[in-house]
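Novice: Sequence and computational prediction follow.
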Amino acid sequence: MRAESRRRGRRWLSLLLTLAMVWTLVSGALALNVSRSGAQTVTVTMEYTDESGHTMYYLPPTQVELEEGDILVDVLQRGYQDRGSVTYSTLYGFTVTPNDGQAVGEVNWGKKAWWPFVDSVKVGNKYQVQPGEVIRLIYVQDSAQGTPDYIPPAAEGGQGALGINKDKLVSSLAQLTQAQIDANAQAYEQALQVAVDGTATQEQVNEQTQIVSQLLAQKVPATDITVTPGEVTLMVGQTQTLAATVTPEESNDTVVWYSEDTHVAQVTDQGVVRAVGEGTAVITAQANETVKATVMVTVTGIAAQSVTLSETQLDLEEGQGGRLTATVTPADSTDAVVWQSSAPDIVSVDDSGLVVAHQAGSAQITVTAGDCSAVCTVTVTPREVPTTPTVVFYHTDGRITQWDDTHTFTLSALDEGRFVLEGVAEGQSTYWSCSQQNGGSESSTIHISSGGKFYPSVGEYQAYVYDKNPDWYVAQELATFTLKVVPTQITDLKLYQDGWPVTGEEPLHLSGTQPQQLTVKGCLDGVYITIPNQALEMTSTEGSYIYTLDGENGLEFFSEDQSMHTFTVSLADNPQVTVSFQATAQRIDVTGLTVTYPEVFYIEGWNGLGNQYVGITSHDTDPERRYEINIEPHNATVKDVVWVSHDPDVAEFQATYGNGIVPKKAGTARFTVTSVDNPAATQDLTIRFEYKHPLEQVEMEETALTLAQYESMNLDLLVTPANATNQRFAWTYSQDGIVKVNDYATSTPGTMTTTHTLSALEQGTVTVTGTPLDDTQGAKPIQFTVTVTQPDAVEDLDFDRYVTGNIRHALSYLDSQLEGNYTYGAEWSLFTLLRAGASLSQSDLDSYYASITQQLESGGRMLPTDYFRVVVALLAMGKDPTDVAGMDLIETLYNYPNLDRMTSNMMSYTLLALDTKDYEVPQDARWTRETLIEKLLTFQNANGGFGLSSADTVSVDVTAMTLQALAPYRDMEQVGLAFDRALEYLRSQMTSDCGYINEGDDNGCTAAQVLTALAVAGIDPLDPDNEFTHGNYNLVTKLDQFKRESGFTTFMSSDQPDGMGTVQIGYALEAYRRFVAGENTLFDLTQWTPAPPTEDGDSGENPGSGEEEPQVPQTGDTSPLVESLVILGMSAAGLCAAVWTDRKRKSRG
C-alpha cells in the first residue's frame, strides 16, 4: 500500500511539474480578467521571502488595469502605488520601497533579488505584459536556493519555473470584491496564506482554489435594476443600445433581455434594440425573478407609395444574366425591398436584383416594398452548345461566359466558378494548367486548378487544357486561351450580422470561443451585392481569428481570449477598400473533458522530418489512428490541455507540429490529459502499441568487411519479413571510435525502408554487433568484423571548381527561374544573385520593389522571417529597409509583438536583420540585441543543439541558423560557451563524408546551413584542427554532390534541381568565398554597394550568365588590401586569423 502511494505521489508530481513548465506555452491559459469598468486587467502580487524561508506579502493578489505597451514595472507600480513605489534599473533590477519602510532591492550580485514570474514561469525583467496574466514578484534568497517550489531550468539559459502552480488561486483571490471578502473573512485569510506559503502542496492549493471559486460564484442577488434610456423611438432599421445597471454593484445576477413583440422590435443579449416593424413593443431587462425593468420602444416607418422596375420584360438565353433595378417612392421609405421568382429553376433572382436564366421557359420576377409590387416577365431561350472544342466559364450563380473572338476571358474576383471544355466527345478527360511561379522558389500561384476552378489574381495569363497531366504523362493539348483578371471595381464594403449592418460604432460580443458569422456586401455601380469569399482578405489582432466559410459566401470569426480585438476585411485586389469592427468575448469556464482514442495502435509509418514513427494524431481521418479531445462546454474560453506521458520510453505526447502520441517501440503506455483551465477535468489513457509487421529474423551473408578511412557503405541485411516495421538496431563495438553504423528510416505511403550506413572513422579492426530494437518475436543479434584501412592522400581544394564555378552554376539556375517572377516571395533568390555580384535589370528590380511595397501596404500578416527576407533583399538592391513607402521594417522587427511566444528562427532572423547594417535599437524597444540573445539561448539542449519550438527537440538546421545569428557575439562569455557546445553538436551529427542526414536523406540544405554558420563565424571549415573535415571530404566538396545539370537539389536521392537547394547552397558557397577573400560576412551589408543594374534585355556581367572561366566575383564590399592578399595566394587557414580579428573589432561583446 505504501509503495502504491509513493507511485501515485510521483505520478501527481510529474503531472504538476508538467503543468507548471508548460503554463507559459499555453496562450491565454488563465482567465483574461476584465474589471467592472470593462478594462483589461492582470493580477499582480509581491511576495518577500526572508532568510529563514518565511514568506509575507508586500502586495496581496490585486487586479491591475492594463494599458497598451505595459511592461512589468508599469503594472507592479500601478498595483503598489497606494503602498509605496516599484522602480527598475538595468544594473540593479527591481527595487520595492514601502511608504513606511526601507527600500528592498538586489543584494550580493543578484543572489538576493526580486524575481518576476508570469503564469508560474520566470521571465525577463522587461517582459511585456499580456491581458489576464498572473504576475508574481518574489524576493528570493541565495538565487532561489531557499525557495521550496522553484524548479531551475533544465538547460543553461533556460527558464526556471514554480513547481506549485498557484496562478488560478491568486487570480481568483484578486477577483473577490470587498463585500465578498468581508462576508468570508476567515476563508479569504486561509486561502491568502496558502497562496503565499512556499511549503504549500499542490493539493492544498487546488483545495483553496475550489473554495475561492465557490466564493466568487456565491449568489449576490440584485435588489434593483434601472435601464437607460427609459423610452426609445426608432425608425424601422435603426438600432439603439440600452444599458442596465443593477444594485448592488457586486450582484452576479445575469441580466436577461427580451422583447414582448419581436415583429416590432428585437433585442440582443447585450441590450441592442433593433427596430423591425412599425408599432410599439416593451423591452424587458430582468436580473432575477423579482427584479426587472421595462422600456417602451416605439417604431415608426415611412410606407412605400409605389415601386417600379427598370424592365418589365426580359429576353435571355440560357446562362445569361441581367440586373433589374427597383425604384421605390418615396426614396426614404423604410419598407424592405423583396425579390421573388415564380419559377426559380427557370429564372432565379438574388437580393440585389440579379436575374439569371437557367433553362428554357418563362417566369415572373416580382419585387415588393410594403404593399406595393411590380413584375417583370422573363423569357428564356435555349443556348446553342458549341460543336468544336470551346472553353466556357460556368459561374456558380448559373451564368455562363464564353471566350471572345481572341479566345480571351475577362473576369474579376467577383466571378466564382469553373472552366469547362465543350464541343468534345462525351467523357473526354481534361487537365487545366494556368499558374505562375513565385520568384525562384518552388511554390507557384495557381490561377486555374487542374480541375478547372478559377482562382483570381489580377493580371494576364496563358492557360492550357490537356487530356492528362503533362508533368506525368505524354499529354495532348486540347485548347489554349488567355485569362485576363481585372480589378473588381467595388468602391465600398459593408458587413452584416443576422441581416443587420455592423457599423463598427459598438463592439460585437462573443460567448467564449463560439464563432459568429458575417456576410459581406460591396458597392458595384451603386448597388450593394454579396461579395464572394475569393475576393476578400481578412486580418485580426493576435489571439483572434477570422476566416471564410466553407461552401458558402460569408465569414466566421472568434476570439481565444477576452481582449478587445480588431477585425479587418478588405478587397484582395484593392486593400484600400476596407471595413473594420471590434469584438470581445465573455469568458466561459471548462466543466469537463472527454478523450476518445484507439486502445491498440499498430506502428507502421515513419516521420522523416522528426526521425520518429508516425503516431496517433488529432487530424488523421482513420479513427484507429486519431484521438479527439472534447471540451465541455464546446465554447469554453481556454480549451488547452496538458499531457503527461508516464511511459516515455514506449510512447510520448508531442504537441510540436501536431505529432500527437508518438510511439518509440512496442509496449503499453499511459497518459494523463488535464484541462489547463480546470485541473479537475482530467482523464487517464492506456494504449498498447504493436508493430504492424514484427521482425522475426535478420541475417548477414558477408561478415568480414574492409573499408578505407572516411569512406562509408550501406550494409546488406537479410530481414524476415522483408517489410518488417522496425529494422533498426542498437549497435555496439568491440572498440569505440573505429566505425559507426547509423540507421536511416524513410517512408512512402504503404512502404517503410531502413538503410544501415557503415562509416569508417579510424584505422583498425573492430567487431560490430547489431541487436534488433524489435525483440517481440525473439530476433537474434547479428555480428561482423570491419577492417578500416589507410585513406587516400588529402588533396588541395580546387577552388575554381568547387566554389567559384558552383556559385556561377547556382546563379545561372536562379537567374533563369526568376525571369518574369521578380515579386514578393523571391527574396532569397534575389539576395543570392545580388550578394554574389550579379547584375539585374532595372525593370526587374523595380518590379520587385513595387511588389514588396504592395505587400506591405496590403496589411497582410508577415512574420519576422518574412521581414528579414525582405530586409536583406532590399539591402542587396541598395534600398533602405527603414523607409519602404514610409514603413520602417527594422522598427517593425524590434517591436514585433509576442516574439517570445514564437519559434527560435523568428528571433534568429530578427537579430540577423538588426546586424545587417548595425542598426541602432532604442532602449525602449520590445526587443534589444541583449533580450534576443537571452531568449535564443533558452532553445539550446544539453547536447548543444538548438530547437525550433523548444530545447527538447533539436536539429542541425536550426542549430546552424542560430549560430549564424549569434556569431558576432562569441566574445560574450555565455554566448561563447553555448557556441562551442553547438559546434560539438554539429560535429557529432556529421557523416563520414561531411554531410548531414535530414528528413531521411542526405540533405544539401542542411550541409549548406552548417557551412554558412562556420563562414560567418570565421571558422575555417577546411582546417582539420576545427574538426569539420574527414580526409578529402569537407563541407565544400560535399555540396558539389548535390549539383545537377542545372542548379542544385536538396535531397541526394533526387535527380531534379530545386529552388530551395540551389539558393541555400549558392549563398553558402558565397559565404565561404567571402571568408576566404576576407570580405564582410554574408549578412554584414554595412559596406555593401550592389552591382550597377543592366539595361532591359541586357544580361550584363552577370556571374550567373555562363559556366565559362569561373572567377571570384567582384562584389561591392571587397577591400583592396584583401584583394592583394588573395593575389599573393594566402590560404584559407591563414586568412582565418585575420578575418576573425577584424570581426572581433566589430562584435559587441
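Specialist: Structure received.

Novice: phi, psi of Val297?
Specialist: Backbone dihedrals for Val297, given as degrees, to the nearest 10, come out at phi -110, psi 120.

Novice: Would you mind listing the buried residues in the helix or strand containing Gln974?
Specialist: Per DSSP states H and E, Gln974 falls inside helix 973-989. For helix 973-989, the neighbour count (16 or more other Cβ atoms under 10 Å) marks 975, 978-979, 981-983, 985-986, 989 as buried. Backbone N, C-alpha and C define where each C-beta goes, glycine included.

Novice: got it, and stretch 549-565?
Specialist: 553-555, 557-565.

Novice: go on, stretch 728-746?
Specialist: 728-729, 731, 738-741, 743-745.

Novice: And these, which two are furthest apart?
Specialist: Across the buried residues of stretch 728-746, the longest distance by Cβ to Cβ is 24.7 Å; it joins Ile738 and Ala745.

Novice: on that earlier part again, could the buried residues of helix 973-989 go into CSV alongside distance to Glu599?
Specialist: What follows is the buried residues of helix 973-989, written out as CSV (distance: Cβ to Cβ, whole Å):
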residue, distance to Glu599
Val975, 49
Ala978, 44
Phe979, 47
Arg981, 42
Ala982, 42
Leu983, 46
Tyr985, 39
Leu986, 42
Gln989, 37
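
Novice: now, which of the residues you listed sits nearest Asp253?
Specialist: Looking across those and measuring by Cβ to Cβ, the closest to Asp253 is Ala978, at 56.9 Å.

Novice: wait, isn't that closest one in contact with Gln940?
Specialist: Yes. If you go by Cβ atoms under 8 Å, Ala978 and Gln940 touch, sitting 5.5 Å apart.

Novice: Which parts of the stretch 151-300 of the chain are helices?
Specialist: 167-175, 178-183, 185-196, 202-217 (DSSP state H, counting those that start in this stretch).

Novice: Nearest approach to Val788 belongs to which of those helices?
Specialist: Val788 lies closest, by Cβ to Cβ, to one member of the helices of the stretch 151-300 of the chain: helix 202-217, at 55.6 Å.

Novice: what's the nearest residue to Met887 once chain neighbours are set aside in contact with, if anything?
Specialist: Nearest in space to Met887, with sequence neighbours left out and distances taken as Cβ to Cβ, 6 or more residues apart in numbering, is Leu856 at 5.4 Å. Shown in contact with Leu856 (Cβ atoms under 8 Å, 6 or more residues apart in numbering): 862, 884-885, 887, 889.

Novice: Same question for Val956.
Specialist: Neighbouring residues of Val956 by Cβ under 8 Å, 6+ apart: 945, 985-986, 989, 996, 998, 1006, 1009-1010.

Novice: Just send those back as a markdown table, with distance to Gly146 and pLDDT too.
Specialist: Formatted as a markdown table, the contacts of Val956 follow (distance: Cβ to Cβ, whole Å; pLDDT from 0 to 100):
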| residue | distance to Gly146 | pLDDT |
| --- | --- | --- |
| Gly945 | 33 | 96 |
| Tyr985 | 35 | 96 |
| Leu986 | 39 | 97 |
| Gln989 | 40 | 93 |
| Tyr996 | 45 | 93 |
| Asn998 | 45 | 87 |
| Thr1006 | 45 | 96 |
| Gln1009 | 44 | 98 |
| Val1010 | 44 | 98 |
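
Novice: Any chance you could list what contacts stretch 916-933?
Specialist: Contacts of stretch 916-933 (Cβ under 8 Å, 6+ apart): 124, 126, 128, 871-872, 875, 882, 890, 893-897, 899, 907, 910-911, 913-915, 966, 969, 972, 975, 1083-1086, 1146, 1148.

Novice: sorry, back to before: which strands or helices does the helix or strand following the helix holding Gln974 pack on?
Specialist: Where DSSP H and E defines the elements, the next helix or strand beyond helix 973-989 is strand 997-998. For strand 997-998, not one helix or strand is in contact under the criterion 3 or more Cβ pairs under 8 Å, 6 or more residues apart in numbering; DSSP states H and E.

Novice: can you list contacts of strand 997-998?
Specialist: Identification of contacts with strand 997-998 by Cβ under 8 Å, 6+ apart yields 742, 744, 955-957, 991, 1003, 1005-1006.

Novice: circling back to that earlier point, among the buried residues of stretch 728-746, which ones are in strands?
Specialist: Counting by DSSP state E, the part of these found in strands is 729, 731, 739-741, 743-745.

Novice: what's the helix holding Gln974 in contact with?
Specialist: 156-157, 933, 937, 940, 943-946, 954, 956, 959-960, 962-963, 966-967, 969-970, 996, 1010, 1013, 1017, 1019, 1027-1028.

Novice: shaky segments in the stretch 1001-1149 of the chain?
Specialist: 1096-1149 (pLDDT under 70).

Novice: how does it look with 50?
Specialist: Where the stretch 1001-1149 of the chain drops to pLDDT under 50, the residues are 1099-1114, 1118-1149.

Novice: Can you give me the end-to-end span of stretch 291-307?
Specialist: One end of stretch 291-307 to the other measures 48 Å (Cα to Cα, to the nearest Å).

Novice: Stretch 277-291 now?
Specialist: Start and end residues of stretch 277-291 are separated by 29 Å (Cα to Cα).
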